[in-house]
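**Student:** compute the structure for the input listed below.
(one chain, ligands or ions: 1)
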Amino acid sequence: MNVTERVIVEQFAYWEGAITADLPALTEGTVVVVGCGTSYYLAQAIASAFNIGGRNALAVPGGEWARRASAYLAKRDDVCVVALSRSGESTETVQAVDYSRKNGIRTIALTCEKGSSIDVAASETVYLPTHGEEGVVMTSSASLMLIAGLRLAGADIASSITELAQKPLAQLGAVDADFVNGRGHFVYLGAGAHYGIAAEGALKLQEMSLSYAQTFHPMEYRHGPISLIDENSLVVLLYSADTAAEEAKLAKEIQDKGGKVIGLGGPGDISIPLAETGLARVIEMLPALQVFGERIAQFKNLDTTAPRHLTKVVVLS
Ligand SMILES: N[C@@H]1[C@@H](O)[C@H](O)[C@@H](COP(=O)(O)O)O[C@@H]1O
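**Tutor:** Predicted structure coming up:
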């Protein structure tokens, strides 16, 4: 087991810290959740959770909020920014926090690095300690920021999620090369809060296995992209509990066209049962998506501890 996989399977020891971390109280107004890469995809799921919880929210890439906030939100006088960054140093996220501060906007940082630039610049910080060995590809830290972010949005996350998330991880971690059989067209589907997690699954696969992966909302997939499905396709479908029946019909259509389906929380060629039906469901899914990226990399003999063209932090000069 390489260090990437070891961090994935050892991450659960850190989850209780995120489940019990003290969180700042939010006042009325709109929440803008910012981040880059993985942190942006988590921001999408967290923004969905805020909306589900009754507070207007949107996710914006850090670089976009810093450069053209007006393209995302017309009125910014009653806004709180939640900034996610494992390192606390990604330039665009730091810029987003700086922009917010200069414009009198309250900022709450979720980070794994105490004393980092966003920790120093933000109005408040939620610090989420994690595995010191985590490498370029973000796994454990992502789960912690997701847990804390969903809690900040008002979701009730019980400690039992730590146990529950280990089962899908074990099941998808056991996928074998014969099942994948060299398929190279990967698609991740997810609705609502699942969409950001589907995008994060696709990003993990890209970073770890240098595979091309796309992300769509399930009901959007029939509107064009399904034309690409053939015997080279592998679709990872993140089922929403409330729309699982119609998503299962889509899975069947994909299978009829030659695609294989991994169903997280619903039917597929591999079907992975999930216990959670609410927002905690996305936490239950995330480690399984992380290990799937590692497996595909192994099938392609790629080393995920040194992913091509990637660095742990992107700092713009
Ligand atoms: N290659 C990494 C990504 O994997 C990571 O998601 C992103 C955000 O990092 P951070 O959360 O530290 O801001 O930085 C880099 O681009």
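**Student:** going forward, measure contacts between C-alpha atoms and count neighbours the same way
**Tutor:** Fine.
**Student:** would you mind listing what in the stretch 101-250 of the chain touches the ligand?
**Tutor:** By Cα under 6 Å from any ligand atom, the residues of the stretch 101-250 of the chain that approach the ligand are Val137, Met138.
**Student:** now do the strands in the stretch 101-250 of the chain.
**Tutor:** 106-111, 124-127, 185-190, 213-216, 233-238 (DSSP state E, counting those that start in this stretch).
**Student:** dump the ones you listed to JSON lines, plus mean pLDDT and mean neighbour count.
**Tutor:** Listed next are the strands of the stretch 101-250 of the chain as JSON lines, based on pLDDT from 0 to 100; neighbours: other Cα atoms under 10 Å:
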{"stretch": "strand 106-111", "mean pLDDT": "97", "mean neighbour count": "25"}
{"stretch": "strand 124-127", "mean pLDDT": "96", "mean neighbour count": "21"}
{"stretch": "strand 185-190", "mean pLDDT": "98", "mean neighbour count": "23"}
{"stretch": "strand 213-216", "mean pLDDT": "98", "mean neighbour count": "20"}
{"stretch": "strand 233-238", "mean pLDDT": "98", "mean neighbour count": "26"}
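**Student:** and those as JSON lines, adding distance to Leu279?
**Tutor:** JSON lines is the format used below for the strands of the stretch 101-250 of the chain (distance: least, Cα to Cα, whole Å):
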{"stretch": "strand 106-111", "distance to Leu279": "19"}
{"stretch": "strand 124-127", "distance to Leu279": "20"}
{"stretch": "strand 185-190", "distance to Leu279": "13"}
{"stretch": "strand 213-216", "distance to Leu279": "19"}
{"stretch": "strand 233-238", "distance to Leu279": "13"}
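**Student:** nearest to Ala199, of the ones you listed?
**Tutor:** Closest approach to Ala199 among the strands of the stretch 101-250 of the chain (Cα to Cα): strand 213-216, 5.5 Å.
**Student:** which among the strands of the stretch 101-250 of the chain is found nearest to Ala177?
**Tutor:** Among those, strand 233-238 sits nearest to Ala177 (Cα to Cα), with 12.6 Å.
**Student:** pLDDT weak spots in the stretch 201-317 of the chain?
**Tutor:** For the stretch 201-317 of the chain, applying pLDDT under 70 flags no range at all.
**Student:** that older thread, closest to Gly265 out of the strands of the stretch 101-250 of the chain?
**Tutor:** strand 233-238 (6.8 Å).
**Student:** average model confidence for stretch 46-53?
**Tutor:** Stretch 46-53 comes out with an average pLDDT of 98.
**Student:** domains for the chain, by residue range?
**Tutor:** When the chain is parsed with automatic domain parsing, its domains come out as 3-152, 161-299.
**Student:** show the end-to-end separation of the last one, please.
**Tutor:** Read it as domain 161-299. 29 Å (Cα to Cα, to the nearest Å).
**Student:** for the first one, same thing?
**Tutor:** One end of domain 3-152 sits 30 Å from the other (Cα to Cα).
**Student:** next one: that domain to chain centre, how far?
**Tutor:** From the chain centre to the centre of domain 3-152 is a distance of 12 Å (Cα atoms, centre = their mean, to the nearest Å).
**Student:** can you show me the helices along the stretch 151-300 of the chain?
**Tutor:** Taking DSSP state H, counting those that start in this stretch to define them, one finds helices in the stretch 151-300 of the chain at 161-164, 166-173, 177-180, 193-209, 218-221, 244-256, 280-299.
**Student:** for Arg106, which of these is the nearest?
**Tutor:** So among the helices of the stretch 151-300 of the chain, helix 193-209 is nearest, using Cα to Cα, at 24.1 Å.
**Student:** on that earlier part again, of all the strands of the stretch 101-250 of the chain, which lies closest to Glu276?
**Tutor:** strand 233-238 (12.6 Å).
**Student:** who does the closest one pair up with?
**Tutor:** For strand 233-238, the paired strands and their directions (DSSP bridges) read strand 185-190 (parallel), strand 260-264 (parallel).
**Student:** would you turn these into a markdown table with distance to Ser143?
**Tutor:** Formatted as a markdown table, the strands paired with strand 233-238 follow (distance: least, Cα to Cα, whole Å):
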| stretch | distance to Ser143 |
| --- | --- |
| strand 185-190 | 17 |
| strand 260-264 | 17 |
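**Student:** circling back to that earlier point, most tightly packed of the helices of the stretch 151-300 of the chain?
**Tutor:** The highest mean neighbour count among the helices of the stretch 151-300 of the chain, using mean count of other Cα atoms under 10 Å, belongs to helix 193-209: a mean of 26.
**Student:** between strand 185-190 and that one, find me the angle.
**Tutor:** 150 degrees (axes from the mean of the first three to the mean of the last three Cα atoms, to 10 degrees).
**Student:** show me what helix 193-209 packs onto, helices and strands only.
**Tutor:** helix 38-52, strand 185-190, strand 213-216, helix 280-299 (3 or more Cα pairs under 8 Å, 6 or more residues apart in numbering; DSSP states H and E).
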